[in-house]
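1. Okay, predicted coordinates and the sequence, questions at the end:
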Amino acid sequence: MPVGEPTPFIISGKGAHVFDAEGREYIDYLCAYGPVLLGHADRRIARAVDSAIRKGAVFGATHPEEVRLAERICTRFPSMERVRFVSTGTEACMSAVRVARSVTRREKIVRFAGCYHGHSDEMIFGAGASSLSSATLESGVTQGVVDDVIIVPYNDLPALDLALREHANDVGAVIVEPVAANMGLCLPDPGYLQALRDRTQAIGALLIFDEVITGFRLGPSGAQGAYQIRPDLTCIGKMLGGGLPIAAFGGAADIMAALAPGGPVFVGGTFSGNPTCVAAAHAFLDAIDSDEKFFVKLEDLARRMAAGLETIIESLALGYPVVQRASMVDFMFQTGMPHRNMLEAKEADAKAYARYYHAMLDQGILLPPSQMELMFVTASHSEADVEATLAAAERALS
């Protein structure tokens with residue numbers, strides 16, 4: 001573990017708080033690495049799941065609510081004209097790449113160091129989050145897989161241009177976290193996402209946005225809505241199920257036509273689009289749609305957290321830059337400007353973060369067990385939670 005030992009054994013959660021096997025209570029900012037947007041044990045999700053599962057958990061056949069959910073997603077993400085449901089973000093990204101290869105008839109993909117797109121063979125090495133896998137057989141990755149993947153630094157257009165010049169006729173897709181949230185919180189440079197859009201179009205490759213984290217955190221239409229970029233394929237997940245495992249990928253109708261049964265690309269899963277998780281997803285969307293200020297209030301709370309951390313860090317003359325976007329908050333244990341890529345993220349003091357993690361844990365604050373992760377604010381966090389967290393942070397950093 002990056003912080004030296006496993007996280008506490010959690011046995012229950014309610015709202016923004018979780019409870020461990022020893023009865024200790026924590027304010028939770030790990031939030032299952034992102035999915036918990038409404039809070040733990042949300043009654044609306046629980047009621048929907050209870051009602052659905054009483055009628056049968058899974059059938060292996062399409063059902064009307066699955067179609068209705070697809071329609072709701074397409075309305076939120078106009079780039080997703082057609083949708084296919086899967087169970088996890090890993091499956092969504094893996095499947096989107098498979099579709100891209102079929103459509104372009106090209107084998108190579110470009111991705112960015114520090115971006116995490118799940119644990120499939122071609123995504124796991126050189127990735128962010130807590131992945132420590134290397135591009136070696138020792139890590140279970142074959143040379144054939146390595147040869148099909150080109151990894152370049154995030155926010156580095158010259159490096160991308162060089163890769164595309166060398167492999168322009170072989171690159172079928174460029175996949176990216178539009179806001180990188182697995183090497184700490186790393187924001188795209190101004191114009192960077194538009195540059196990715198322009199370059200992929202120029203060489204006939206597809207642009208895939210991995211919005212598994214950003215899809216329902218950067219507003220109702222994710223990063224592509226916030227930055228006004230239309231990718232060819234989009235992957236969503238995590239928050240969609242309100243804590244249950246459901247994900248999806250989608251794109252333009254002509255691209256998605258490559259999928260079986262109409263096309264040659266098979267993507268399947270016994271539990272994909274099952275009624276129970278679909279019901280949870282509807283309840284989640286109903287919840288955020290019921291409050292027109294849902295995202296505004298979330299961001300206000302996150303800004304309060306970020307501003308408080310900035311004040312504390314400045315008062316202690318530590319020089320750590322705080323980064324905040326929507327309901328995501330982060331700071332790395334390094335001075336200077338916020339990091340722009342994985343190489344800079346790795347320069348942060350991991351041992352200092354580990355000490356901070358345990359100091360916060362001792363005060364009842366549950367943070368991610370890796371500096372490469374970040375704090376998530378939920379709709380269940382209160383101003384009192386934030387104030388308690390800031391007080392704990394000041395003591396820990398002191």
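-> Nice, I can see it.
2. Got the domain ranges for the protein?
-> Split into domains by automatic domain parsing, the chain comes to 10-33+292-397, 44-289.
3. Tabulate those (JSON lines), appending mean neighbour count.
-> (Glycine included, C-beta is placed from N, CA and C.) Below are these laid out as JSON lines (neighbours: other C-beta atoms under 10 Å):
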{"stretch": "domain 10-33+292-397", "mean neighbour count": "18"}
{"stretch": "domain 44-289", "mean neighbour count": "20"}
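4. Any chance of those domains in JSON lines with distance to Gly4 as columns?
-> Listed next are the domains of the chain as JSON lines, based on distance: least, C-beta to C-beta, whole Å:
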{"stretch": "domain 10-33+292-397", "distance to Gly4": "6"}
{"stretch": "domain 44-289", "distance to Gly4": "13"}
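5. out of those, which comes closest to Val3?
-> With C-beta to C-beta, the closest approach to Val3 among the domains of the chain belongs to domain 10-33+292-397: 4.3 Å.
6. distance between the ends of that closest one?
-> Chord length of domain 10-33+292-397, first to last residue, is 25 Å (C-alpha to C-alpha, to the nearest Å).
7. Tell me how far it lies from the chain's centre.
-> Centroid separation for domain 10-33+292-397 versus its chain: 16 Å, with C-alpha atoms, centre = their mean, to the nearest Å.
8. what's the answer for stretch 91-108, then?
-> Here stretch 91-108 is found 20 Å from its chain centre; the criterion is C-alpha atoms, centre = their mean.
9. for the record, mean pLDDT for it?
-> Stretch 91-108 comes out with an average pLDDT of 98.
10. And stretch 350-366, by the same measure?
-> Across stretch 350-366, pLDDT averages out at 97.
11. What lies in contact with it?
-> Stretch 350-366 is contacted from outside by 2-4, 7-8, 18, 24-30, 332-333, 367, 369, 371, 388-389, 392-393, 395-397, using C-beta atoms under 8 Å, 6 or more residues apart in numbering.
12. Over to stretch 149-165?
-> Stretch 149-165 is contacted by residues 108-115, 122, 125-126, 167, 171, 174, 176, 180, 183, 186, 188-189, 192, 195-196, 199, 203, 340-343 when judged by C-beta under 8 Å, 6+ apart.
13. The chain: strands as residue ranges?
-> 10-14, 17-20, 25-28, 82-86, 108-113, 149-153, 171-176, 206-210, 233-236, 247-251, 322-325, 328-331, 365-366, 375-376 (DSSP state E).
14. Switch the ones you listed over to JSON lines; also include distance to Gly34.
-> Below are the strands of the chain laid out as JSON lines (distance: least, C-beta to C-beta, whole Å):
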{"stretch": "strand 10-14", "distance to Gly34": "15"}
{"stretch": "strand 17-20", "distance to Gly34": "15"}
{"stretch": "strand 25-28", "distance to Gly34": "12"}
{"stretch": "strand 82-86", "distance to Gly34": "17"}
{"stretch": "strand 108-113", "distance to Gly34": "19"}
{"stretch": "strand 149-153", "distance to Gly34": "23"}
{"stretch": "strand 171-176", "distance to Gly34": "17"}
{"stretch": "strand 206-210", "distance to Gly34": "12"}
{"stretch": "strand 233-236", "distance to Gly34": "12"}
{"stretch": "strand 247-251", "distance to Gly34": "12"}
{"stretch": "strand 322-325", "distance to Gly34": "13"}
{"stretch": "strand 328-331", "distance to Gly34": "9"}
{"stretch": "strand 365-366", "distance to Gly34": "14"}
{"stretch": "strand 375-376", "distance to Gly34": "6"}
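15. Of all the ones you listed, which one comes closest to Val278?
-> Nearest to Val278, of the strands of the chain and by C-beta to C-beta, is strand 82-86 at 7.7 Å.
16. Could you check the angle that closest one makes with strand 247-251?
-> Angle of strand 82-86 versus strand 247-251, following axes from the mean of the first three to the mean of the last three C-alpha atoms, to 10 degrees, is 160 degrees.
17. which residues touch the nearest residue to Thr214 once chain neighbours are set aside?
-> Leaving aside its chain neighbours, Thr214 sits nearest to Ala223 (4.2 Å; criterion: C-beta to C-beta, 6 or more residues apart in numbering). Applying C-beta under 8 Å, 6+ apart, we find Ala223 in contact with Pro178, Val179, Leu193, Phe209, Glu211, Thr214, Gly215, Ile229.
18. how about a cut-off of 7 Å?
-> By C-beta atoms under 7 Å, 6 or more residues apart in numbering, Ala223 lies in contact with Pro178, Val179, Phe209, Glu211, Thr214.
19. I figured the first one hits Ile208, correct?
-> No. Pro178 is beyond contact range of Ile208, at 10.2 Å (criterion: C-beta atoms under 7 Å).
20. Distance of the residue lying closest to Ser131 once chain neighbours are set aside relative to Lys55?
-> Counting by C-beta to C-beta, 6+ apart, Ser131 lies nearest to Ile124, which is 5.8 Å off, once chain neighbours are set aside. Distance, Ile124 to Lys55, using C-beta to C-beta, to the nearest Å: 37 Å.
21. For Val97, state which of the contacts of Ala223 is nearest.
-> Among these, and counting by C-beta to C-beta, the member closest to Val97 is Phe209, at 12.6 Å.
22. Surely that closest one and Gln224 touch.
-> Yes. Assessed by C-beta under 7 Å, Phe209 is found in contact with Gln224 at 5.8 Å.
23. Can you check which residues contact both of the two?
-> Pro178, Pro231, Thr234.
24. In the chain, which residue is most central in space?
-> Nearest residue to the geometric centre of the chain (C-alpha atoms, centre = their mean): Ile213, 2.3 Å.
25. Could you double-check that it lies in contact with Lys238?
-> Yes. With contact defined as C-beta under 7 Å, Ile213 reaches Lys238; the gap is 6.0 Å.
26. tell me, what's touching those two both at once?
-> Common neighbours of Ile213 and Lys238 (C-beta under 7 Å, 6+ apart) are Gly34.
27. Output the below-cut-off pLDDT ranges for the protein.
-> Within the chain, the stretches with pLDDT under 70 are 1.
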